[in-house]
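Novice: Below is the structure, and that's it, no one-letter string:
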């Protein structure tokens, strides 16, 4: 049997575009004599559709699109993901389904059993879990068709009480097909390949896996669809971070693919570039603006944005104050010269003076403190947003994950923006990213990489005045945020008790700031945003 | 049997406070010769603890607190809500449980079966559903103990495939006890009483229901715990929006309570006052600041904040520009005089001029538009935040639900703040609220109520220049947001098709703004915030 794997980029709710893409690929697959073509999970509406699923109108449009696609399935079968209505009077109204289309009609609708409801996933919010298991007979094959998470209940401590493949295997299928929308993080590619390989090894039949590719606001889908032969050997691996299409012949599998492993910094880089470009294209924007401080974070955002949007579409604005070092402007200028992108220099002195003189009666008798520092940061935010509004740019936020974690940033100041590019990248990873960006030539000036980080909001200020050294801070943050280690566990690992307490308190008392940040491109297993939900008024470790 | 109902306000993660409160009430109940005392759902850690549940340390502290409380249960039994560990190797790690404490130990742990995972609820994110049903025998009674949602599967189209009370009733219990954390909305009190009454009628045994009271950021818990006798008559109803305590004697039930129904505006008013006061007290703040525009929204926020925090703790700032009418400042001054609260008048002219002259090179050749309007709004935000930072106030946001829905507001300008007081109150409800606030005396000057709404960001500007009339807009928004009616359904209701399209597009394309708003006090069945999750890059009805 010839199986076409269609790894595509869908746009949530853009039924016209998604349907056309799917039909085009059915036509292509037919021309390549495929027996069946496989699309990813919820391909009809894009993943994740979130609460649009609560609209009858949205579901009707999904159904109409499925019917339109079915009409093109003559001489070929197609597996398309979409929501379907639960006909029973009990339980949630919908299933997360895989439609098996052939002979111009819907032949079978298979429902997802395991509904991920953790981290960024909310599937049980919308869907009833499947409880009936049935393979699909098609031509000479018997297909065990499952949806994403359905194959993940394979390890030690299972998250669910059912294992769909254990049920389906009783019917002696000849192959497994899994349609997925599995988002990227820098650890997930290896984990995913392992989970798929474990299934191929356990059930000893070929496995075809089609993943979504593209970015939907904070979630980045990396593609990497795969095929395993009946000996659990990886024989096909589709591209990462771009659309791809491949026809696999089960009578003539290709030779096993060599697995070189992945460089996580390269993956993060590619994911961020895709995340930026898709955020803009899906919102219908072309141009970005960002504030260039002379520091490494804004330099990296500039480099990534130039890759994603083109150098002519990224406008840097330097906003020096009386506390900005001369080096900051010069370093930024050199960086901008390296990227050949447009820029402005707009001193904020007059505005800061005017704010301070306006507030003189109120501030009488007080000494300068964080309020004055924030006035500078907010004056910058105000200017960047004014240019953004005037010319239709999206402002890119340059906050990194270490800063976002401890609240080292000014709400409505440097925390402004439409998209936080580095909000899931720790400061220590930022340096790795700079090295990677400079792998062929010096794009980010060495001086920017080498100088001590500073917000430059008061004379001689350094990040290290307020924060622990990043090399220690990031380790504690990683254990607390990614690995959910509590204070006792952190101390048992050898971190200083007072330091741990100080850091955890900073993280927890700044939840209110993160509540108002722009969406953050997710590249780690635990990003700030929809995957991490904490109370603002909580009183735990704070 | 004498049953004490303890309706308390817990603080998420504040184990010391929660444990002390519970032990104090056990002592009180003993002194009143109670046989058993009932506390609300997850009382040990506060509701909702969200991802704190993923920390082993957090769960251990819950267990320690339960043990500490158990030690006080001599001569009395107590039912306390808390997470418990799932001992099986399959499924989620935790249960949402009710601990039955007696004879200084944990006698039984009952788990929640129905896990709400919709709107603001994420329970399946953390908990495994219960599948075993067992009543508790205590003294001469057999208690069917359930947790919140467990009693809600009683209506027509059930959301779950199990009905816990249908299982428990087979064991012939003599009474039902339900512990809950059921958040307020202006429709929910009636629905909740009906659901509880339906249970009492169906199962024909007494029902004791204890709810959480207090606010946790956006969620407001209204209390209103109840007791029904064996004839399904409501015999006790505890207070709304405050802590309460009541001992009910099952051998001598009180006379049925007369049900006068509720005034939804009064409820919204009381909920908002509680929401403000709890946000401040739980974060350890006392003082609020807000911008007074001369419009009705800020006037109402001032009135509510004065009720919640005291007149001396709410500082109003008038920030007139050259477009502000003289009436705006005078109306605000009259309002401030009525509330006897402190104020400042800070003209923004100098700052706006300084921003515009700073941006002259960039803005050369353009005509004034929304960019210049936003500069005014952001200058105000900057000044309010500067005062907030300098003196440790929390800025109250005054955006209403109609504005939040259509994106009629400036990010980092009038959308700044620590808490959005009116973000779940439509403009047409705002007028009702003003009438209610003025029920005894004129606190909000009539002129503020009667004038046409305006942002005053350009000469003679009115909301009606950019928005449909609020009386129509709010109806469409209500049907779209609260009732999830799509475009065809709205047109079928009689709304103009072009208008519907325009409004839905405004709502959907402004998701990016709502992503960055302060937490919004929830008073409706569908508030912006954690209960409404939509994609930013979606392309549906936009």
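Specialist: Great, that's in hand. Given the structure is predicted, the values throughout are model-derived calculations rather than measurements. Numbering: from 1, shown residues only, chains lettered A, B, ... in the order given.
Novice: Phi and psi next, for the residue lying farthest from the centre of chain A.
Specialist: Residue farthest from the centre of chain A, counting by CA atoms, centre = their mean, is residue A:365 at 47.9 Å. Phi and psi for residue A:365, reported as degrees, to the nearest 10, are phi 80, psi 0.
Novice: Now do it against residue B:314, distance only.
Specialist: According to CB to CB, to the nearest Å, residue A:365 stands 22 Å off from residue B:314. Quick note: C-beta positions are derived from backbone N, CA and C, even for glycine.
Novice: Where do the strands of the stretch 151-300 of chain A begin and end?
Specialist: With strands called from DSSP state E, counting those that start in this stretch, the stretch 151-300 of chain A shows them at A:175-180, A:207-211, A:213-216, A:219-222, A:226-228, A:234-237, A:244-249, A:288-292.
Novice: So for the spatially closest residue to residue A:485 that is not a sequence neighbour, what pLDDT did the model give?
Specialist: Computed as CB to CB, 6 or more residues apart in numbering or on different chains, the closest residue to residue A:485 that is not its neighbour in sequence is residue A:479, at 4.3 Å. You'll see residue A:479 listed with a pLDDT of 97.
Novice: if I pick residue A:479, what's in contact with it?
Specialist: A:485, A:489, A:490, A:493 (CB atoms under 8 Å, 6 or more residues apart in numbering or on different chains).
Novice: and those residues, which are buried?
Specialist: Applying 16 or more other CB atoms under 10 Å in any protein chain shown to these, the neighbour count classes A:485, A:489, A:490 as buried.
Novice: Inside helices: which ones of the residues you listed?
Specialist: Under the assignment DSSP state H, the buried ones among the contacts of residue A:479 contribute A:489, A:490 to helices.
Novice: who's in contact with residue A:478?
Specialist: Shown in contact with residue A:478 (CB under 8 Å, 6+ apart): residue A:426.
Novice: Distance check, it against residue A:301.
Specialist: As judged by CB to CB, residue A:478 and residue A:301 stand 22 Å apart.
Novice: Let's have the strands of the stretch 151-300 of chain A in CSV, adding mean pLDDT.
Specialist: As requested, the strands of the stretch 151-300 of chain A are arranged in CSV below (pLDDT from 0 to 100):
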stretch, mean pLDDT
strand A:175-180, 98
strand A:207-211, 98
strand A:213-216, 96
strand A:219-222, 97
strand A:226-228, 98
strand A:234-237, 97
strand A:244-249, 98
strand A:288-292, 98
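Novice: As a markdown table, these with distance to chain B and mean neighbour count would be great.
Specialist: Listed next are those as a markdown table, based on distance: least, CB to the nearest CB, whole Å; neighbours: other CB atoms under 10 Å in any protein chain shown:
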| stretch | distance to chain B | mean neighbour count |
| --- | --- | --- |
| strand A:175-180 | 18 | 26 |
| strand A:207-211 | 19 | 27 |
| strand A:213-216 | 6 | 28 |
| strand A:219-222 | 9 | 26 |
| strand A:226-228 | 26 | 26 |
| strand A:234-237 | 27 | 18 |
| strand A:244-249 | 22 | 18 |
| strand A:288-292 | 11 | 26 |
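Novice: And what about residue A:47, helix, strand or coil?
Specialist: When classified by DSSP: H, G, I helix; E, B strand; the rest coil, residue A:47 comes out as coil.
Novice: give me the number of residues near it?
Specialist: If you count neighbours by other CB atoms under 10 Å in any protein chain shown, residue A:47 ends up with 25.
Novice: just checking, it touches residue A:8?
Specialist: No: if you go by CB atoms under 8 Å, residue A:47 and residue A:8 don't touch, sitting 11.5 Å apart.
Novice: Moving C-terminal from the worst-scoring helix or strand of chain A on mean pLDDT, which element do we reach first?
Specialist: Least confident helix or strand, chain A: helix A:463-466 with a mean of 88, by mean pLDDT, DSSP states H and E. On the C-terminal side of helix A:463-466, the closest following helix or strand by DSSP states H and E is helix A:470-477.
Novice: tell me what that following helix is packed against?
Specialist: The contact analysis (3 or more CB pairs under 8 Å, 6 or more residues apart in numbering or on different chains; DSSP states H and E) places helix A:470-477 against helix A:401-406, helix A:427-437, helix A:497-509.
Novice: What's the separation between residue A:287 and chain B?
Specialist: 14 Å (CB to the nearest CB, to the nearest Å).
Novice: Return the residues of the stretch 101-250 of chain A in contact with chain B.
Specialist: Selection of the stretch 101-250 of chain A residues close to chain B by CB under 8 Å from any CB of the partner chain yields A:117, A:118, A:122, A:124, A:125, A:157, A:158, A:159, A:160, A:161, A:216, A:217.
Novice: Looking at those residues, which two lie furthest apart in space?
Specialist: Maximum pairwise distance among those (CB to CB): 32.6 Å, between A:161 and A:217.
Novice: quick one: which of the two has more around it?
Specialist: Just comparing residue A:161 and residue A:217: by other CB under 10 Å the higher neighbour count belongs to residue A:217, 27 against 14.
Novice: Find the residue closest to the more buried one in space, skipping its chain neighbours.
Specialist: Closest to residue A:217 by CB to CB, 6+ apart is residue B:536, at 4.4 Å.
Novice: Surely the one you found is within a strand?
Specialist: No: assigned with three-state DSSP, residue B:536 falls outside any strand and is coil.
Novice: residue contacts, it?
Specialist: Contacts for residue B:536 (CB under 8 Å, 6+ apart) come out as A:217, A:283, A:519, B:511, B:512, B:515.
Novice: same thing but at 7 Å, please
Specialist: A:217, A:519, B:511, B:512, B:515 (CB atoms under 7 Å, 6 or more residues apart in numbering or on different chains).
Novice: So the second one versus residue A:120, what's the distance?
Specialist: Going back to what we said before, that points to residue A:519. Counting by CB to CB, the gap from residue A:519 to residue A:120 is 12 Å.
Novice: And residue A:389, by the same measure?
Specialist: Separation of residue A:389 from residue A:120 (CB to CB): 30 Å.
Novice: The two: who's more crowded?
Specialist: Neighbour count, other CB under 10 Å: between residue A:389 and residue A:120, residue A:389 has more, with 20 against 17.
Novice: before we move on, what SS does that one have?
Specialist: helix.
Novice: so what pLDDT did it get?
Specialist: Listed pLDDT for residue A:389 reads 98.
Novice: and what of residue A:198?
Specialist: Here, the pLDDT recorded for residue A:198 equals 97.
Novice: so which of the helices and strands packed on helix A:470-477 is the most packed in?
Specialist: Ranked by mean neighbour count, those are led by helix A:401-406 with a mean of 25 (mean count of other CB atoms under 10 Å in any protein chain shown).
Novice: That one close to chain B?
Specialist: No: counting by CB under 7 Å from any CB of the partner chain, no contacts exist between helix A:401-406 and chain B, the nearest distance being 13.7 Å.
Novice: Residues contacting the strand or helix carrying residue A:448, please?
Specialist: For residue A:448, the element it lies in under DSSP H and E is helix A:446-450. Outside helix A:446-450, the residues that touch it by CB under 7 Å, 6+ apart are A:294, A:295, A:296, A:299, A:327, A:331, A:335, A:431, A:434.
Novice: Just confirm residue A:383 is within a helix.
Specialist: Yes: counting by three-state DSSP, one finds residue A:383 located in a helix.
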